[in-house]
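Engineer: need coordinates for the below:
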Amino acid sequence: MQASRRNTLRRAAIAALVIVVWLGWPVGSLIYRSVHQPPRPTPRAVPSVQVPTKPVKLGWTVAQARTAIAADRLARLPGAPAVLDEKRIRAALAHTKTRVIALPFAGLDTYRAYDKQVTKLAAAQQRHGSKLIIVAGLTVRVEPVGGAVTPSTMSEIRQVLTTHEMTEMVLTGIDDKSRNGDGPSRLPDAPAKLVDIVAAGLSAHRVYTAPGLPTVTATARWNDIADGPTLRLATLPPGAPDNLAQQLSARFPGDLIVVVRGQWTDLAGPDPRLQTAAVNGYYGQHFDQTARWGPPAANIGLLVAEYYGRARANAAVVEHPDRAADPLPVVLTWLPWIFAGTVGLLLAGTLALRWRLARRRRDRRRAEIAGRARLQARVAGTGARFVQLSRYLPDDDLLARAGERYRTARDLVTAGGDTGTAAEALDTADAYLARAAKLPSVPADAGETP
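Structural biologist: Next up is the predicted model:
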């Protein structure tokens with residue numbers, strides 16, 4: 001009794017120690033981090049600011065487009081922004097059935113209806129069995145295959161959105177030969193006169209709008225986008241890419257300069273690394289929408305500035321690099337959870353194994369009980385046949401052997417002995433009884449179990 005009690009106390013002590021170590025280490029790491037590592041600040045919310053625009057109706061129909069295609073291999077609807085080298089494209093179309101049509105931008109309010117009309121136009125052209133290159137805004141769609149020709153590098157995206165030059169992409173759609181549409185690797189400086197004009201507008205109003213473009217007025221909400229630097233926005237028509245943003249940054253040190261030329265945005269000012277990430281992040285994710293829908297230039301610039309603002313806000317919550325030099329926080333942060341997880345997996349595995357073994361033992365016991373019940377039924381049946389045949393063969397040797405085997409099986413079943421031996425004895429007894437039932441002195445139905 002005393003030994004059993006000591007074993008119980010020992011098991012309880014070991015379990016308590018495991019629980020204390022298992023849970024105490026992670027709790028200790030949390031306490032350490034709360035004291036020595038202040039909580040990281042949460043990113044600041046960056047507002048979404050856009051310039052209000054008037055709704056624009058869809059300005060073309062499928063019938064107009066089909067009429068234009070029938071009249072010219074290289075067709076263009078009013079308002080199409082794509083810049084095309086007609087001489088090169090017509091030369092590529094000369095010996096083919098392919099036709100090209102340039103369409104205006106889809107527009108933010110009408111792009112769904114626009115896409116339906118493009119699909120109808122493609123289906124109508126497919127019935128004529130000719131290839132159709134659809135330049136929708138600044139995107140290229142090849143029908144009837146339904147494929148698209150897209151820029152492969154960020155430099156090529158900049159070239160397309162800045163200049164609206166689509167010749168290389170259209171030629172690729174015509175003959176399926178990939179071409180490089182990248183712009184210059186090093187941007188030239190903008191003319192000094194243009195820099196002076198834009199800088200004067202940004203100095204007076206924080207906004208410069210080139211003649212012919214929708215006028216934009218700065219709002220107070222712009223101050224929250226970059227959280228610190230003053231945001232100055234310039235919008236220019238499509239043209240060759242240049243270094244205007246960097247040149248303006250020298251005039252306004254510390255400010256965030258946003259220059260939109262065509263549908264492409266250049267950022268300059270503080271945090272050059274974040275500026276590049278913001279531009280690449282926006283256009284890498286939204287090039288197709290920008291090239292098809294043609295949103296207002298000012299709104300594109302503000303959206304890219306919002307990407308920059310979010311990148312700047314998130315940069316403020318990165319942990320200080322001096323924490324990485326101290327190994328103790330890493331050890332106290334991660335090893336406790338690794339240990340706790342390992343112990344949890346071991347305990348779960350042990351419990352699962354024990355449950356599986358216990359289930360197997362239960363199944364074996366149930367099978368054994370069922371087997372004994374079947375043996376008992378067989379013993380009863382064999383005994384009844386033995387008694388029936390004893391009336392006709394009181395002194396027969398076969399009956400005596402069957403009786404000896406029957407009694408052996410009965411005794412083993414009654415005493416809970418080996419079921420295999422009992423089954424073998426019953427098999428032998430049944431065999432003797434079957435032979436005895438065939439003797440001439442036994443009626444035909446005497447060997448059956450009553």
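
Engineer: quick check: residue 234 is in a strand.
Structural biologist: Yes: counting by DSSP: H, G, I helix; E, B strand; the rest coil, residue 234 is found in a strand.

Engineer: what's across from it in the sheet?
Structural biologist: Under DSSP bridges, the beta-bridge partners of residue 234 are residue 208, residue 259.

Engineer: if I pick it, what's in contact with it?
Structural biologist: Residue 234 makes contacts with 198, 201-202, 207-210, 244, 248, 257-260, as judged by CB atoms under 8 Å, 6 or more residues apart in numbering. The way it works is simple: take the backbone N, C-alpha and C, and place the C-beta from them, glycine included.

Engineer: if you rank these by neighbours, which is first?
Structural biologist: With neighbours defined as other CB atoms under 10 Å, the most crowded of these is residue 258; it has 30 neighbours.

Engineer: thinking again about what came up before, what would the contacts of residue 234 look like in a markdown table with pLDDT and distance to residue 314?
Structural biologist: Formatted as a markdown table, the contacts of residue 234 follow (pLDDT from 0 to 100; distance: CB to CB, whole Å):
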| residue | pLDDT | distance to residue 314 |
| --- | --- | --- |
| 198 | 95 | 30 |
| 201 | 92 | 32 |
| 202 | 92 | 27 |
| 207 | 91 | 27 |
| 208 | 93 | 30 |
| 209 | 92 | 31 |
| 210 | 93 | 33 |
| 244 | 95 | 28 |
| 248 | 95 | 26 |
| 257 | 94 | 21 |
| 258 | 95 | 19 |
| 259 | 96 | 24 |
| 260 | 96 | 24 |
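
Engineer: and of those, the nearest to residue 273?
Structural biologist: Set against residue 273, the nearest of the contacts of residue 234 by CB to CB is residue 257 (16.0 Å).

Engineer: does anything pack onto the helix or strand hosting that closest one? Which helices or strands?
Structural biologist: Following DSSP states H and E, one finds residue 257 within strand 256-261. For strand 256-261, the packing partners by 3 or more CB pairs under 8 Å, 6 or more residues apart in numbering; DSSP states H and E come out as strand 231-236, helix 244-251, strand 264-268, helix 297-315.

Engineer: burial count for residue 392?
Structural biologist: 16.

Engineer: what angle do the helix or strand encompassing residue 156 and strand 264-268 make?
Structural biologist: Following DSSP H and E, one finds residue 156 within helix 154-163. For helix 154-163 against strand 264-268, the angle by axes from the mean of the first three to the mean of the last three CA atoms, to 10 degrees is 110 degrees.

Engineer: ok, now which ones touch the nearest residue to residue 304 once chain neighbours are set aside?
Structural biologist: Spatial nearest neighbour of residue 304, chain neighbours left out: residue 265 (4.2 Å); criterion: CB to CB, 6 or more residues apart in numbering. By CB under 8 Å, 6+ apart, residue 265 lies in contact with 258, 259, 279, 282, 300, 301, 304.

Engineer: still on that earlier bit, nearest to residue 58, of the helices and strands packed on strand 256-261?
Structural biologist: Of all the helices and strands packed on strand 256-261, it is helix 297-315 that lies closest to residue 58, at 19.7 Å by CB to CB.

Engineer: give me the buried positions along that closest one.
Structural biologist: Under the neighbour-count criterion of 16 or more other CB atoms under 10 Å, helix 297-315 has 297-313 buried.

Engineer: redo the contacts of residue 265 as JSON lines? Include distance to residue 92.
Structural biologist: Formatted as JSON lines, these follow (distance: CB to CB, whole Å):
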{"residue": "258", "distance to residue 92": "38"}
{"residue": "259", "distance to residue 92": "34"}
{"residue": "279", "distance to residue 92": "33"}
{"residue": "282", "distance to residue 92": "33"}
{"residue": "300", "distance to residue 92": "31"}
{"residue": "301", "distance to residue 92": "35"}
{"residue": "304", "distance to residue 92": "35"}
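
Engineer: how about residue 177: what's its closest non-neighbour residue?
Structural biologist: Residue 177's closest residue in space is residue 171 (CB to CB, 6+ apart), at 7.4 Å.

Engineer: so that neighbour sits in a helix?
Structural biologist: Yes: under three-state DSSP, residue 171 sits within a helix.

Engineer: quickly note the distance from it to residue 71.
Structural biologist: 22 Å (CB to CB, to the nearest Å).

Engineer: related to what we said a few turns ago, how far away is the residue nearest to residue 177 from residue 135?
Structural biologist: 12 Å.

Engineer: what's the answer for residue 77, then?
Structural biologist: Between residue 77 and residue 135 the distance is 10 Å, computed by CB to CB.

Engineer: overlap in contacts of the two?
Structural biologist: Common contacts of residue 77 and residue 135 (CB under 8 Å, 6+ apart): 101, 102, 103.

Engineer: out of the contacts of residue 234, the closest to residue 359 would be?
Structural biologist: In terms of CB to CB, no member of these lies closer to residue 359 than residue 258, at 69.0 Å.

Engineer: tell me which residues touch the closest one, please.
Structural biologist: With contact set as CB under 8 Å, 6+ apart, residue 258 has these partners: 231, 232, 233, 234, 245, 265, 266, 267, 301, 302, 304, 305.

Engineer: mind running it again at 6 Å?
Structural biologist: For residue 258, the contact set (CB atoms under 6 Å, 6 or more residues apart in numbering) comprises 233, 301, 305.

Engineer: shaky segments in this structure?
Structural biologist: Applying pLDDT under 70 to the chain picks out residues 1-7, 15, 17-49, 52, 128-129, 218, 315-337, 339-340, 444-450.

Engineer: just so I have it, where are all the helices in it?
Structural biologist: In the chain, the helices defined using DSSP state H lie at 2-36, 62-71, 86-93, 111-126, 154-163, 167-175, 192-205, 244-251, 272-293, 297-315, 327-390, 397-415, 419-436.

Engineer: closest one to residue 214 among these?
Structural biologist: helix 297-315 (7.2 Å).

Engineer: circling back: between the helix holding residue 156 and helix 272-293, how big is the angle?
Structural biologist: Counting by the same axes, to 10 degrees, helix 154-163 points 60 degrees away from the direction of helix 272-293.

Engineer: mind giving me the packing neighbours of helix 154-163?
Structural biologist: Using 3 or more CB pairs under 6 Å, 6 or more residues apart in numbering; DSSP states H and E as the contact definition, the elements that helix 154-163 packs against are strand 264-268, helix 272-293.

Engineer: give me that answer again for 10 Å
Structural biologist: Packed against helix 154-163 by the contact rule (3 or more CB pairs under 10 Å, 6 or more residues apart in numbering; DSSP states H and E) you find helix 167-175, strand 256-261, strand 264-268, helix 272-293.
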